[in-house]
Each structure stands twice: as structure tokens, then as C-alpha cells.
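Novice: one predicted model, sequence on top.
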Amino acid sequence: MPLNHELKGKEYREVTFEVERGRVMQFADAVGERDPLYRDAEAAKAAGFPEQLAPPTFPTVMQIMTSGQVVVDQELGLDYSRVVHGEQEYEWRRPIVVGDVLKATPRIADIYARGPNEFLVIEAVITDADGEVVCVARSTLLSRGTAEGS
């Protein structure tokens, strides 16, 4: 069954996330990041940053939290057993640092078909406590064999 294309542009509940040192360290360990900027506040400060940096792919943690709302939306009609993760991208405005309190509101940026498959693009604009955009995260999911006429 095809995805509900009428949901393009739909926004979901805002998620708030505090960037904690322990979580940054766990993420750095998980991705094998050894650079001191991502592991030591003093090294990051010596390099001119206000605090220890989070690795560049750290927004994935928030993206998982936010996109979960989209994939379980019954109105969308997504059969998760047919899903393959297609692509992940980030548009950076500034680095994420320990102590940041971030907010993200997920939305369906696009749904389109190519051949027998459909593509679901989930976007989250991640802002800091001042409302400034830190990063725009996009995830593209491929729904295999669900395009109209498949």
C-alpha cells in the first residue's frame, strides 16, 4: 500500500535534548572517535570552543528520537518491514557542545516515488536555547515496493 503523500509538510511534537558529557563520550566510543576535541573539555577550550564538542554525527541521536514519531504515524501507512535506511545528511551552522539544550521538531519534508519504491524524507531543524539553528538533519527512508501501481 502506498504512503500517504498528503502528509508532506506535517510536523510532529517538538523534542528537547540536553547534550550531556556522558552521552557524548558514549557516542564518541561507539563511533571510534579519538580526537581530544570530542573527549576532553580542556582540549576543546584550548582550541577556541566553549566546551567539549559532540562528534559531527551526534545529531543522529536526536534524529532517532524525532523520526520515531513519524514512522509510527498510522496515518502515514508505513510498513516498517519494508524500510531500508537510504541516506543521512546534516547542514551545520555551528558545532554542538556539551551543555547545549537543543530542540527539534520533526516534519515530513517529502514523499516521492521512483520505480516501485517510495522515499520518505524526514527533516528536523535543531535549535539551541536561544532559538538559533545549530543543524538541519535529514534522513531518507526507502519503502520497498509500495509505490502506486507496484
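Specialist: Received the coordinates, thanks. Numbers count the residues shown, from 1 in each chain.
Novice: how far away is the residue positioned nearest the centre of the chain from residue 39?
Specialist: Among the residues of the chain, the one closest to the centroid is residue 63, at 2.5 Å (Cα atoms, centre = their mean). Taking Cβ to Cβ, to the nearest Å as the criterion, residue 63 is separated from residue 39 by 22 Å. (Each C-beta comes from the backbone N, C-alpha and C, glycine too.)
Novice: same check on residue 91?
Specialist: For residue 91, the distance to residue 39 - Cβ to Cβ - is 25 Å.
Novice: more neighbours, these two?
Specialist: Higher neighbour count among residue 91 and residue 39: residue 39, with 18 against 12, using other Cβ atoms under 10 Å.
Novice: got a list of what that one touches?
Specialist: 25, 28, 33, 52 (Cβ atoms under 8 Å, 6 or more residues apart in numbering).
Novice: now the lengthiest helix in the chain: buried residues?
Specialist: Ranked by residue count under DSSP state H, the longest helix found in the chain is helix 59-71. Under the neighbour-count criterion of 16 or more other Cβ atoms under 10 Å, helix 59-71 has 59-63, 66-67, 70 buried.
Novice: residue 13: which element?
Specialist: Using DSSP states H and E, residue 13 sits in no helix or strand.
Novice: now it, nearest residue through space, not along the chain?
Specialist: Once flanking residues are discounted, residue 13 sits nearest to residue 69: 6.1 Å by Cβ to Cβ, 6 or more residues apart in numbering.
Novice: can you pick out the most distant pair from the contacts of residue 39?
Specialist: Spanning the widest gap among the contacts of residue 39 are 33 and 52, at 11.6 Å by Cβ to Cβ.
Novice: settle it for me: which of these two has more neighbours?
Specialist: Taking neighbours as other Cβ under 10 Å, residue 33 and residue 52 compare with residue 52 leading, 23 against 19.
Novice: got the contact list for that one?
Specialist: By Cβ under 8 Å, 6+ apart, the residues touching residue 52 are 21, 24, 37-41, 43-44, 97-98.
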